[in-house]
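Colleague: after the sequence you'll find the predicted model.
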Amino acid sequence: MESLNLSLLQGKNIALGVCGSVAIYKSIEIMRNLQKLGANVRVVMSESAQKFINPLLFEAISHHNVLTKDSQSWGETPNNHIELATWADSFLIAPCSANTLNKLALGIADNVLLESVLAFDKQKLIAPAANTKMLENLATQESLTILQSRGFQIIAPQCKELACQTIGNGALAEPLEITYALIRAFYKNPFWEKCAVCVSGGGSKEAIDSVRFISNFSSGKMGASLALAAYFLGAKVFFLAPQLPFPLPLEITHKKVESTHDYLEAITLWQAQLKEARISKNCAFLLMSAAISDYIPQEKIQGKLKKQDIGQSWQLNLRENTDILATIPKLQKTIGFKLEAQNGIANAKSTLSQKGLDAICLNTITKTHNPLESQSNRIAFITNKEVQDLGFHDKLDLAFMILQKAQML
């Protein structure tokens, strides 16, 4: 959650449906996540859910009356399934039991939760939680297919040890994963839903010997923020980095890379997938935010160099590194990133031209701000036609701004 802007869901009204399940305790965390992002959350509980948790707990945290069979009211301050369905912008059921899932597919509305969903005509998300055999039963699988065809988004369950002490598919998705899916439902953009996006992040690691390497202070936060923003907008995202600076949605493909060769090989693989899927250049984007070493060791030593063999001073022979952006074919819209301490715009324009980029994002390092280690940054978005200062913002906000500019390329 620390990576998310706390106004992502500002003012959104979300109905949280809760079914009877041992995973119900995760509903509390889901609700808190949504509230932290600015959403208003109201809860509707099935009768079986109330056997696991008293509605009073949800009321205390949501600051709203919980809708149950016994709390429905139709007076001056209504609290009923029609009023809730009218109020909400999104309806999330988490956890959703197999019983509720199958009833939804048949249009059955024999409890207040099902009545509320049946009366709701906007975006609907379901996070199933059930025993593996119940989930994989043909009837349940057919119900999932039916619900998807009707516009329900299914948040896939996890494969892990279940309450019945068997290991299998059916555990409720993690609260953060469910939160990510809900944000994406609000932010999906028809343009980006057609697009494949490759983002590189972090700093490359160039081996000196088997235990030492050359690298830099890049945290990878800008790259991960770009990957997250592209996911929220609906793109198919491929993220390359040595490690994740914060958790990313499972639907984002993360490939661990370290050396420049690793990055180049992974991008080449992604480009091959573009060709195979026949994705046009207008729908493919490479955002090269990784900090790749300018120089690498002349040769990698096998094993560990010993201090007594090196001596009091160490003359490390380096050679100029491969320039990935100058090397790869431009099968996609390509956006580079450049860090400068002075003459930034002139140097960025020169790089833009030399490497045949569609745009370049200029970071400036100053005495008071180092973008490599910060959660915030200032970026100038530069093309052959314009130089636009995007301002100083949280990196996720900047990521959305960069993608908005990229859409116009």
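Modeller: That came in fine, so what should we check first? Residues are numbered from 1 along each chain as shown.

Colleague: what about the nearest residue in space to E320 that is not next to it in sequence, neighbour count?
Modeller: Once flanking residues are discounted, E320 sits nearest to Y295: 6.0 Å by C-beta to C-beta, 6 or more residues apart in numbering. C-beta here means a position set from N, CA and C on the backbone, and glycine is covered the same way. Residues near Y295, counting by other C-beta atoms under 10 Å, number 13.

Colleague: Y295: what's it in contact with?
Modeller: Contact analysis of Y295 by C-beta atoms under 8 Å, 6 or more residues apart in numbering lists I214, L318, R319, E320, N321.

Colleague: tell me, what's the model's pLDDT at it?
Modeller: pLDDT recorded at Y295 is 90.

Colleague: wait, I30 sits on E177?
Modeller: No: under the criterion of C-beta atoms under 8 Å, I30 is not in contact with E177, lying 9.9 Å apart.

Colleague: neighbour-wise, which of the two wins?
Modeller: Neighbours were counted for I30 and for E177 using other C-beta under 10 Å; I30 has more, 26 against 20.

Colleague: the more buried one falls within a helix, correct?
Modeller: Yes: under DSSP: H, G, I helix; E, B strand; the rest coil, I30 falls within a helix.

Colleague: neighbours around the residue nearest to it when sequence neighbours are not counted, how many?
Modeller: The shortest distance from I30 to any non-neighbouring residue, by C-beta to C-beta, 6+ apart, is to P175 (4.7 Å). Residues within reach of P175, counting by other C-beta under 10 Å, total 21.

Colleague: for P175, grab phi and psi.
Modeller: phi -50, psi -40 (degrees, to the nearest 10).

Colleague: for it, give me the pLDDT.
Modeller: 96.

Colleague: quick check, it in contact with N33.
Modeller: Yes: proximity of P175 to N33 meets the contact threshold set by C-beta under 8 Å, at 5.8 Å.

Colleague: phi, psi for L172 please.
Modeller: phi -60, psi 140.

Colleague: any idea how far F217 is from the residue nearest to E320?
Modeller: 16 Å (C-beta to C-beta, to the nearest Å).

Colleague: and F232, by the same measure?
Modeller: 27 Å.

Colleague: got the buried residues for stretch 98-107?
Modeller: A98, N99, T100, L101, N102, K103, L104, A105 (16 or more other C-beta atoms under 10 Å).

Colleague: same thing with stretch 244-259?
Modeller: Under 16+ other C-beta under 10 Å, the buried positions of stretch 244-259 are L244, P245, F246, L248, P249, I252, H254, K255, V257, E258, S259.

Colleague: could I get the residues you listed as a markdown table with pLDDT and distance to I345?
Modeller: Shown next, in a markdown table, are the buried residues of stretch 244-259 (pLDDT from 0 to 100; distance: C-beta to C-beta, whole Å):
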| residue | pLDDT | distance to I345 |
| --- | --- | --- |
| L244 | 93 | 32 |
| P245 | 91 | 28 |
| F246 | 92 | 31 |
| L248 | 95 | 32 |
| P249 | 95 | 35 |
| I252 | 97 | 32 |
| H254 | 95 | 33 |
| K255 | 95 | 33 |
| V257 | 96 | 30 |
| E258 | 94 | 32 |
| S259 | 94 | 31 |
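
Colleague: how is the protein partitioned into domains?
Modeller: 13-186, 189-299+318-407 (automatic domain parsing).

Colleague: make TSV out of those and add distance to S7.
Modeller: Shown next, in TSV, are the domains of the chain (distance: least, C-beta to C-beta, whole Å):
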stretch	distance to S7
domain 13-186	5
domain 189-299+318-407	9
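
Colleague: returning to what we had before: more neighbours: F232 and F217, which one.
Modeller: Ranked by neighbour count (other C-beta under 10 Å), F232 and F217 place F232 first, with 26 against 10.

Colleague: does the more buried one really touch R184, like I thought?
Modeller: Yes: the criterion here is C-beta under 8 Å, and F232 meets it with R184 at 5.1 Å.

Colleague: thinking again about what came up before, dump the contacts of Y295 into CSV; add distance to L144 and secondary structure as well.
Modeller: What follows is these, written out as CSV (distance: C-beta to C-beta, whole Å; DSSP: H, G, I helix; E, B strand; the rest coil):
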residue, distance to L144, secondary structure
I214, 50, strand
L318, 56, strand
R319, 55, strand
E320, 54, strand
N321, 49, coil
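
Colleague: now the two most distant members of those residues.
Modeller: Within these, I214 and E320 form the most distant pair, 13.0 Å apart (C-beta to C-beta).
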